[in-house]
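*Asks:* Please work out how this folds:
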Amino acid sequence: MSIVSFDNVSKIYTSGDHELYALNKVSFNLEKGKFVVILGPSGAGKSTLLNLLGGLDSPSEGTITVSGKDISKLSDNSLADYRAATVGFVFQFYNLIPTLTVYENVKLVSEISKNALDAKEMINKVGLLDHLNNFPSELSGGEQQRISIARALCKNPEILLCDEPTGALDSETGVMVLKLLLDMAKNYDKTIVIVTHNQNIAKMADVVIRVKNGKIRSIENEEHPLSADEVEW
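*Replies:* Numbers count the residues shown, from 1 in each chain. Okay, here's the model as predicted:
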């Protein structure tokens, strides 16, 4: 059963009498517990797609259904509730609050999520329980990214949306982060959606959606995706 369905979704920006299609009649379905990569060059429409799925924006046309609920025409307040309850976000540059400790950064989501998981447990899952009282500036880039993943997972979201999550990391640390995300999909039944231009990450995906010029060029379902260790970085 699909957890996500895009049906003829377009995002149109207007300037005077000119229309720019950031997305043009995009349709696809995603199943629960899959590791999904949205692949394409800069300006292809990847981030627009992620923003629509995350409830950060609304489509100009078409329907987006998540867990059987149409989110296409929700009010701003309803979209905020959807983001709090259904999706977690992991960005390229972590977005941790510098004046809060690791524990406080992760614990913070319990104030907005009704079903939040235990912060210490999530920090332990990313292997950083001994850094509870450290501040972000005292962590490496890879450690900060792992904490941002712990924070996203602490919300207990159905869907985890990742925008170039390894883009600012060296290859070794990037592989560590990808292993963690794969584990969340396979063992915790989370739907992981990664936006990237990195072809190597696509080799690990259950589903690869290739986007160019606002349109889906192909959707590939992989029966035997590679593990992070099998990919040549």
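
*Asks:* which residues of the protein fall in helices?
*Replies:* Counting by DSSP state H, one finds helices in the chain at the ranges 46-53, 76-86, 102-107, 119-125, 141-154, 171-188, 199-202.

*Asks:* okay if I get these as CSV plus mean pLDDT, distance to residue 231 and mean neighbour count?
*Replies:* Every C-beta, even on glycine, is put in place using the N, C-alpha and C of the backbone. Shown next, in CSV, are the helices of the chain (pLDDT from 0 to 100; distance: least, C-beta to C-beta, whole Å; neighbours: other C-beta atoms under 10 Å):
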stretch, mean pLDDT, distance to residue 231, mean neighbour count
helix 46-53, 94, 20, 22
helix 76-86, 91, 30, 15
helix 102-107, 96, 29, 23
helix 119-125, 91, 23, 19
helix 141-154, 90, 17, 24
helix 171-188, 85, 8, 17
helix 199-202, 91, 5, 19
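
*Asks:* Indicate which one of those is closest to residue 37.
*Replies:* Ranking the helices of the chain by proximity to residue 37 (C-beta to C-beta) places helix 199-202 first, at 4.7 Å.

*Asks:* The protein: strands as residue ranges?
*Replies:* 2-15, 18-31, 35-39, 61-66, 69-70, 87-90, 159-163, 191-196, 207-212, 215-221 (DSSP state E).

*Asks:* Any chance of the ones you listed in JSON lines with mean pLDDT and distance to residue 177 as columns?
*Replies:* Formatted as JSON lines, those follow (pLDDT from 0 to 100; distance: least, C-beta to C-beta, whole Å):
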{"stretch": "strand 2-15", "mean pLDDT": "94", "distance to residue 177": "23"}
{"stretch": "strand 18-31", "mean pLDDT": "94", "distance to residue 177": "21"}
{"stretch": "strand 35-39", "mean pLDDT": "95", "distance to residue 177": "13"}
{"stretch": "strand 61-66", "mean pLDDT": "97", "distance to residue 177": "25"}
{"stretch": "strand 69-70", "mean pLDDT": "94", "distance to residue 177": "30"}
{"stretch": "strand 87-90", "mean pLDDT": "92", "distance to residue 177": "9"}
{"stretch": "strand 159-163", "mean pLDDT": "94", "distance to residue 177": "9"}
{"stretch": "strand 191-196", "mean pLDDT": "94", "distance to residue 177": "10"}
{"stretch": "strand 207-212", "mean pLDDT": "96", "distance to residue 177": "19"}
{"stretch": "strand 215-221", "mean pLDDT": "95", "distance to residue 177": "23"}
